[in-house]
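Engineer: got a sequence here, can you model it:
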Amino acid sequence: MKTITTPIIPIKQLFANVKTPHTLNYEAICVFTAIGFFLDQDAYWKDKIALKPGTTYTLDGNGEVTTSKENFRWHYEPRNISFKTAVTEFTELFETIIKEQSGTNTVLLPLSGGLDSRTQAVALKHLGAAVHSYCYSFENGFKEHEIGRKIAEVCGFRYDPFIIPPNYLWDVIEEVSSINDCYSDFTHPRQIAVLDDFKRMQGEFSLGHWGDVFFDRGFAAADEKYSDLEIIYKKVVKKGGMAVASKLWKAWDLDGDFESYLKQRIQDLLDKIDIPHRESKIRAFKSLYWAPRWTSVSLTFFENAHPIHLPYYDDRMCRFVCGIPEAYLADRKIQIAYIKNRNPNVAKIEWQDQMPYNLYNYKDRQLLKTFSYKVKNKMQREINAVLGKKYIQRNWELQFLGEENDGHLRGYLYQPDFLNFVGKDVVDDLYQKFKTEDAVFYSHSMSMLLTLSVWYRKLKTL
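Structural biologist: Here you go, the predicted model:
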């Protein structure tokens, strides 16, 4: 017998066996292609399940589940405390977690233009940790690495900027598919492009994933008019996701229609979350199903190089968030206050989501300043376009566009065995729409078909 207790938000996917025939879980694979991750306990096979977060399992000698007991349930029980007290408590907890996780190691810190890693940078600076920081930017894209550089300079951190080049995927796709076992696509995680650089570094990663979910609104104010199901559905279904999933559903002759199936799955999971407060309920849903099955899968690429730590994933942080009033969590208030209190100079650096403003003036927008920034950006893009430099906003543009990329993509999509598995009509239709109708919309379809193609080829070689 073996006992496994999963964290509230697991860093790793853990699987077990169940007594059922060893057959492909076609319904689960369709959901995977629609939303980019496997939902709840789904896996490629019906006799394999992912262990739920916050649960203790007993497994027998065959790795099959014999008992399970939930040991944490998401809730919303806001304490009657002031905002100042909430910030003080966050400061003490966050810095305690950071200190425990970093120990005496050099911290490898990915910086961005947002607030999660910036909050970490401030804590690490305050604690006097040794930090090797870095940042990514797309080639011919937004220069996020310049914001990262400013944060590193203010904090006195060693800093490396990484420019994500085109066409890198095809040289590493077999390696990365072995790392993540094809449980997420290969075109979104930028860290794939710099795996060798990671391995040359010395230290342990401190990653800021899930801070934006804990310390912001459960959903946008504009979505208040929608039901919980509609909010989740709109959030998780990718552009082009329904197109590929519905086609696979029909090609595999599954019962009913895919959209109804997916909505019922989501509604069933929402019904199990006993939280009347809507924003907290949506946050709990994301933490139960999105974080461990999508966000955590991409963490495997970091872990392939060095140990990883996630302060926002810590069980204590999960419990802390459940007791903080939503008004304090919304709009990044706690993180902003923390950064301004601990390191005003870091707070003065531009915030990417609110460019060209920082944490002190983002609410005090000036028409001329905003207009000037937009004009300057537009002019730079137009100049680059004349020079033949396409502005890159999304990672798939570096991997799918252009003749060389297209040749690699077709090589995977049009493998005979894979065409027999998903149906040539499915691949033909989605590929042609990507090429001739709307590349942005159908890029996700291409990404998921590529993922399935790599997975299926590995399956056939076993």
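Engineer: quick one, helices of the stretch 151-300 of the chain?
Structural biologist: In the stretch 151-300 of the chain, the helices defined using DSSP state H, counting those that start in this stretch lie at 169-180, 195-200, 211-214, 228-236, 241-251, 258-271, 278-285, 296-303.
Engineer: tabulate those (a markdown table), appending distance to Asp47.
Structural biologist: (Each C-beta comes from the backbone N, C-alpha and C, glycine too.) Shown next, in a markdown table, are those (distance: least, Cβ to Cβ, whole Å):
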| stretch | distance to Asp47 |
| --- | --- |
| helix 169-180 | 21 |
| helix 195-200 | 32 |
| helix 211-214 | 32 |
| helix 228-236 | 26 |
| helix 241-251 | 21 |
| helix 258-271 | 19 |
| helix 278-285 | 26 |
| helix 296-303 | 21 |
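Engineer: Ser445: which of these is closest?
Structural biologist: helix 241-251 (4.1 Å; Cβ to Cβ).
Engineer: re the thing from before, among the helices of the stretch 151-300 of the chain, which is nearest Asp60?
Structural biologist: Closest among these, using Cβ to Cβ: helix 296-303, at 25.8 Å.
Engineer: now do that closest one: distance to the chain's middle.
Structural biologist: 10 Å (Cα atoms, centre = their mean, to the nearest Å).
Engineer: contacts made by it with the rest, please.
Structural biologist: If you take Cβ atoms under 8 Å, 6 or more residues apart in numbering as the criterion, helix 296-303 is touched by 9-13, 37, 176, 179-180, 183-184, 188-189, 191-192, 195, 198, 205, 207, 209, 308, 310.
Engineer: residues contacting Asp406?
Structural biologist: Phe400 are the contacts of Asp406 under Cβ under 8 Å, 6+ apart.
Engineer: tell me the pLDDT of it.
Structural biologist: The confidence metric pLDDT takes the value 95 at Asp406.
Engineer: same deal with Tyr391?
Structural biologist: Listed pLDDT for Tyr391 reads 55.
Engineer: hang on, the earlier thing: so which of the contacts of helix 296-303 sit within strands?
Structural biologist: Assigned to strands by DSSP state E, the following of the contacts of helix 296-303 qualify: 205, 308.
Engineer: and the contacts of helix 296-303, which of them are buried?
Structural biologist: By neighbour count, with 16 or more other Cβ atoms under 10 Å, the contacts of helix 296-303 hold 9-11, 13, 37, 176, 179-180, 183-184, 189, 191-192, 195, 198, 205, 207, 209, 308, 310 as buried.
Engineer: how about the strands in the chain?
Structural biologist: 2-5, 15-17, 48-50, 55-59, 65-70, 107-110, 131-138, 158-164, 204-206, 308-309.
Engineer: any idea which of these is most buried?
Structural biologist: strand 107-110 (a mean of 24; mean count of other Cβ atoms under 10 Å).
Engineer: distance between that one and the chain's centre?
Structural biologist: 18 Å.
Engineer: given it, what are its sheet partners and their directions?
Structural biologist: strand 131-138 (parallel), strand 204-206 (parallel) (DSSP bridges).
Engineer: need the residues that contact that strand.
Structural biologist: With Cβ under 8 Å, 6+ apart, strand 107-110 has contacts from 117, 120-121, 124, 129-136, 157, 191, 198, 201, 203-208, 306.
Engineer: swap in stretch 22-35?
Structural biologist: 38-39, 42-47, 236-238, 241-242, 244-245, 248-249, 252, 254, 258, 261-262, 265, 445, 448-449, 452.
Engineer: again, 6 Å this time
Structural biologist: Applying Cβ atoms under 6 Å, 6 or more residues apart in numbering, the contact partners of stretch 22-35 are 38-39, 42, 45-47, 236-237, 241, 244-245, 248-249, 252, 254, 258, 448.
Engineer: buried subset of those, written for PyMOL?
Structural biologist: Buried residues within the contacts of stretch 22-35, by 16+ other Cβ under 10 Å, are selected in PyMOL with:
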select buried, resi 38+39+42+45+46+236+237+241+244+245+248+249+252+258+448
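Engineer: what about the closest residue to Lys239 other than its chain neighbours, distance to Val244?
Structural biologist: Among residues not flanking Lys239 along the chain, Phe441 sits closest, at 5.0 Å (Cβ to Cβ, 6 or more residues apart in numbering). Distance from Phe441 to Val244, counting by Cβ to Cβ, to the nearest Å: 11 Å.
Engineer: hmm, what's the outermost residue in the chain?
Structural biologist: Of all residues in the chain, Leu368 has its C-alpha farthest from the mean position, at 35.1 Å, by Cα atoms, centre = their mean.
Engineer: for it, give me its contacts.
Structural biologist: Per Cβ under 6 Å, 6+ apart, neighbours of Leu368: none.
Engineer: on that earlier part again, need the strands paired with strand 107-110 in TSV with mean pLDDT and distance to Asp429, can you?
Structural biologist: What follows is those, written out as TSV (pLDDT from 0 to 100; distance: least, Cβ to Cβ, whole Å):
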stretch	mean pLDDT	distance to Asp429
strand 131-138	89	29
strand 204-206	98	41
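Engineer: Lys69 touches Tyr57, doesn't it?
Structural biologist: No. Lys69 lies out of contact with Tyr57 (Cβ atoms under 6 Å); the separation is 8.1 Å.
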